Structure formats: C-alpha cells, structure tokens
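Student: Sharing a sequence plus its predicted fold:
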Amino acid sequence: MLVLFDVDGTLVDTDAQIGGIMVSAFEAAGLPPPSLAQVVETIGLSLPEMVEHLAAQSTVTITIDCCAKIVAGYRLRFADALARKEEPPVFPNTETTLLRLRRVGMTLGIATGKSRLGVDYVLDAMDWRGHFQTVQCADDNPSKPDPTMVEKALAATGTDRTQAVLVGDTSFDMEMAAACGVRAIGVAWGYHRPERLLSAGAETVVDDFETLGTLLLESNR
C-alpha cells in the first residue's frame, strides 16, 4: 500500500512562516499585503498559483509582472529563512506514525506544492529521507489539484491506484486524489476545515496522527 503525504499543514505546521514571508513579498513589491487567513487558504497550491489567487483578492489591480515580482521576492525570503536552519514545527506524533507505517512494510511518499528546496530542508532537518520512496513537488509538476503528482508517484513505486491513499489537509489535496481515482483521508489539524475536506472528496477526516496511523494499518490488512 502506498501512502502519499502532503507536507505543509499535514506533516509540518508552517502557516506562520509562509504567511509572514508572503506578506513581506507583497510589501516589498509596493502592494497591500494579504491577511494571514487569506494566505492560509491558498497553502497547498504551488507558489505562482498562491500569488495569483491572492492577487485576485487584492483591493488594487496587480499585474502579471507584479505577480512575478512577488513570486521572486518570496523565493528569496524563503531561502533566507531556510538558511537559518531552524527545525521545522512538526505536528505531534508525526515521527512515530511514519515509523509505525514503515515497520509493516507500507510504501510512503510525498505529494506537495512546496518547492524542492523546501521539501529537501524538511527531509534533511528531520532525517526523513529514508521514510519516503517517492517525493513529488512543485518544481516538477503542475499545481494541485492536477493529478500529475499522484500519477508520477504511482508509476515511481509500481503501485496500482486501488492500493494508494493520499493524506492531506486541504481541499486541493482531496480534489487531486479524486482526479486520480485514489482514496483521500483528510486531517483536521491543517489549514482547511473538516467539512470542506469532506465536500472535496475525503472519505473521512482524522483528528490526530495516532488515529491516522491506526486507520491506515487497518486498511492495510
């Protein structure tokens, strides 16, 4: 069984970091910044799509060139943040759950809207590279909810879609799973509310990692 995990809002709690950097990128471009709540609603999309969505909600007209400037500014500030080598804020029981799943022979993977730089930072900081057999990120794939990430993960691991499940915290994750025909499990500790996840296709929404691990282990029997 292949279990694909989203990263932001599922494995690590990065809303404050992403929100702060996005606000700074808008301000540096001379534009009114979005609120943290607005930024959180877009987490899960790839960076250009995040900026596009936020620009559409702005009180001023933001051109394509300005969007490109915001994206570039975000990437520079994000790289600076990673250079500080702070340990990412991992949700409780993430590590133990990943180990539980690996011990029974499950194949684990990542499907995220983060950049390769951001994913590599999390994997190295947490010493998680050995956990994941496939890592699909924004650098190599269209933004969620396009199903390409999941399709590539299935191909890379030789898994039939009936034997795969996607775990995520946003409607973008649930819609991506549905578009590829794989199961989707939502997590309640992330950035979209449970009812939104269910309406987007989640078969269930779990409240903590321990419950998630038990559910996945039962599905693997």
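Tutor: Received it, and whenever you're ready, just let me know what you need. Numbering: from 1, shown residues only.

Student: This structure - how does it break down into domains?
Tutor: 2-13+88-219, 15-83 (automatic domain parsing).

Student: now the longest one: mean pLDDT?
Tutor: Looking at domain 2-13+88-219 alone, the average pLDDT works out to 96.

Student: From one end of it to the other, what's the distance?
Tutor: Terminal residues of domain 2-13+88-219 lie 11 Å apart, using C-alpha to C-alpha, to the nearest Å.

Student: The shortest one now?
Tutor: According to C-alpha to C-alpha, domain 15-83 extends 18 Å from its N-terminal end residue to its C-terminal end residue.

Student: How is Val165 assigned, secondary-structure-wise?
Tutor: Look at Val165: counting by DSSP: H, G, I helix; E, B strand; the rest coil, its state is strand.

Student: okay, now the closest residue in space to it that isn't next to it in sequence: neighbour count?
Tutor: Spatial nearest neighbour of Val165, chain neighbours left out: Arg183 (4.2 Å); criterion: C-beta to C-beta, 6 or more residues apart in numbering. C-betas here are computed from N, CA, C, even on glycine. Here the count is done by other C-beta atoms under 10 Å, and Arg183 has 20 residues near it.

Student: same thing with Arg84?
Tutor: Neighbourhood size, Arg84 [other C-beta under 10 Å]: 6.

Student: sorry, back to before: which one of the domains of the chain is the most hemmed in?
Tutor: Highest mean neighbour count among the domains of the chain (mean count of other C-beta atoms under 10 Å): domain 2-13+88-219, with a mean of 19.

Student: quick one on the thing from earlier: please list all residues in contact with the residue nearest to Val165.
Tutor: For Arg183, the contacting residues are Ala164, Val165, Leu166, Ala177, Glu203, by C-beta atoms under 8 Å, 6 or more residues apart in numbering.
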